[in-house]
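>>> give me a 3D structure for the following:
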Amino acid sequence: MHPIIYDVAVSLDGFICGPQADISKFDFEGPVVDDYHLRMDGYETAIMGRLTYEFGYQFGLIAGQNPYPSMKTYVFSKSLSLANSSEIEVWAGSIEQGIKSVQDASKGTIYLCGGGEFAGSLLSAGFLDRIILKRAPVIYGSGTPLFGNSGPSIGLSRVKTKTYENDYLLEEFIR
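Purely as a prediction, here's the structure:
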């Protein structure tokens, strides 16, 4: 089965966004973002929850549009309803069955795109194989936690660390 990688920016205090889904404190350009785009070229499939998908609407994403045209994209949601002509697939069943189905169908690495609660669910179910954190030198104080309000206590092994001139730190972990 292909690995699932949670590749996400996170504040020093563990938030993937601040209050009201604020991501303004994260860099949108520079070496850390360039490296992220290079990693994106290696991902075959994208998965996310409904809130992460709908977050894209603020940036011009149209309902049903694929935010990652080079990847097959799945949104896990029991409430999202899109037209049959949608460019993405919505999975409304159990997360475990959906993830197994995505892993069977994927031709390569699976990118978990944001979503603290969804990431926490996948962590709890043992589906996350690798976690890549782009640790930003900012503190949000509140917002969406890296793994939502769930997630078991798990020991990880750090396999990579890279420091950027803008004080970002890239950390890569495996189970």
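
>>> just the element for the spatially closest residue to residue 160 that is not a sequence neighbour, please.
Once flanking residues are discounted, residue 160 sits nearest to residue 172: 3.8 Å by C-beta to C-beta, 6 or more residues apart in numbering. Any C-beta I mention is one placed from the backbone N, CA and C, and that applies to glycine too. Take DSSP states H and E as the rule and residue 172 turns out to sit in strand 169-174.

>>> okay, now the sheet partners of that strand, with direction.
Strand pairing for strand 169-174, determined by DSSP bridges: strand 130-135 (antiparallel), strand 157-163 (antiparallel).

>>> list the buried residues of that strand.
Residues of strand 169-174 classed as buried: 170-173 (neighbour count, 16 or more other C-beta atoms under 10 Å).

>>> chain center to that strand, what's the gap?
The chain centroid and the centroid of strand 169-174 are separated by 14 Å under C-alpha atoms, centre = their mean, to the nearest Å.

>>> for it, the averaged confidence score.
On average, the pLDDT along strand 169-174 is 98.

>>> this protein: helices as residue ranges?
For the chain, the helices defined by DSSP state H occupy 31-40, 50-55, 95-105, 116-124.

>>> model confidence for the most centrally placed residue in the chain, exactly?
The residue lying closest to the centre of the chain (C-alpha atoms, centre = their mean) is residue 113, at 2.2 Å. For residue 113, the model assigns a pLDDT of 95.
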